[in-house]
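Q: Pasting the sequence and the predicted coordinates here, then a few questions.
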Amino acid sequence: MCDLIVWNDSFSVNFGPIDEQHKGLVVMTNELLMACGEGGSTTDHAFMKAVRGAVEYARTHFYTEEKYMKEVNYPDLPAHKKEHENFIAQVLNSIKSFEAGGTEPLALACFLKNWILNHIAVSDMKYAPYLSGIGAGAEKKGAQGGADLFAFE
Ligand SMILES: [Fe+2]
């Protein structure tokens with residue numbers, strides 16, 4: 001069973017711009033999971049379009065994360081970047097397999113969900129303390145739409 005993701009404060013890296021993008025990933029993943037429940041199939045172009053949209057969003061998000069990690073000289077940036085690259089490669093393989101009829105929509109959506117949640121909870125949390133120094137300036141930028149979840153004090 002692959003339930004929808006419900007955002008909660010434990011996912012927060014206490015850095016507005018990144019949290020906002022993580023919420024965007026959660027929304028897109030939930031849309032994919034819901035599309036599966038509504039009969040997503042290997043011939044469903046709308047489902048594939050949604051998957052590709054999620055991958056593009058993830059790419060943009062990874063770029064943003066890496067930019068901030070570089071800015072604060074995060075020591076594990078190379079390993080973190082590798083995780084992002086491996087994820088994109090895995091998803092692209094899954095998409096190929098999906099298009100060839102070898103991967104079920106739900107399996108693909110669940111893979112995205114599990115990877116994202118695990119990555120945020122484990123890998124992203126490791127860089128969170130490094131971003132706290134620039135958190136005050138970023139709070140305003142990330143505040144548009146959902147500032148109630150952020151606690152910088
Ligand atoms: Fe990341």
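A: Yes, it's here.
Q: Could you report the neighbour count for N8?
A: Around N8 there are 8 other residues, counting by other Cβ atoms under 10 Å. Yep, even glycine has a C-beta here, placed from its N, CA and C like the rest.
Q: brain fart, N114
A: Here the number of neighbours of N114 (other Cβ under 10 Å) works out to 12.
Q: Could you look up the SS state of it?
A: helix (DSSP: H, G, I helix; E, B strand; the rest coil).
Q: how far away is it from H45?
A: Distance of N114 to H45, given as Cβ to Cβ, to the nearest Å: 25 Å.
Q: right, and A128 touches N14 too?
A: Yes: using Cβ atoms under 8 Å, A128 is in contact with N14, at 5.9 Å.
Q: Counting neighbours, go ahead and name the busier of these two.
A: Legend: neighbour count by other Cβ under 10 Å for A128 and N14, higher for N14 (19 against 15).
Q: mind pulling up the phi and psi values for the more buried one?
A: Per-residue torsions, N14: phi 60, psi 40 (degrees, to the nearest 10).
Q: Return the distance of the helix or strand where V27 lies from the chain's centre.
A: Using DSSP states H and E, V27 falls within helix 16-37. Distance, stretch centre to chain centre, for helix 16-37: 7 Å (Cα atoms, centre = their mean, to the nearest Å).
Q: So which other helices or strands are in contact with it?
A: Using 3 or more Cβ pairs under 8 Å, 6 or more residues apart in numbering; DSSP states H and E, the elements in contact with helix 16-37 are helix 45-71, helix 105-118, helix 135-142.
Q: what residue ranges in the chain score low on pLDDT?
A: Along the chain, the parts satisfying pLDDT under 70 run over 1, 37-44, 135-153.
Q: deepest of the helices and strands packed on helix 16-37, which one?
A: Sort these by mean neighbour count, taking mean count of other Cβ atoms under 10 Å, and helix 105-118 sits at the top with a mean of 18.
Q: and it with the ion, contact?
A: No: using Cβ under 5 Å from the ion, helix 105-118 stays clear of the ion, coming no nearer than 9.3 Å.
Q: contact partners of that helix?
A: Residues outside helix 105-118 that contact it (Cβ atoms under 8 Å, 6 or more residues apart in numbering) are 2, 5, 11, 22, 25-26, 29, 32-33, 35-36, 40-42, 44, 47, 51, 54, 87, 90-91, 94-95, 98.
Q: One more: stretch 120-127?
A: By Cβ under 8 Å, 6+ apart, the surrounding residues in contact with stretch 120-127 are 10-11, 13, 18, 22, 65, 68-69, 72, 74, 76, 80, 83.
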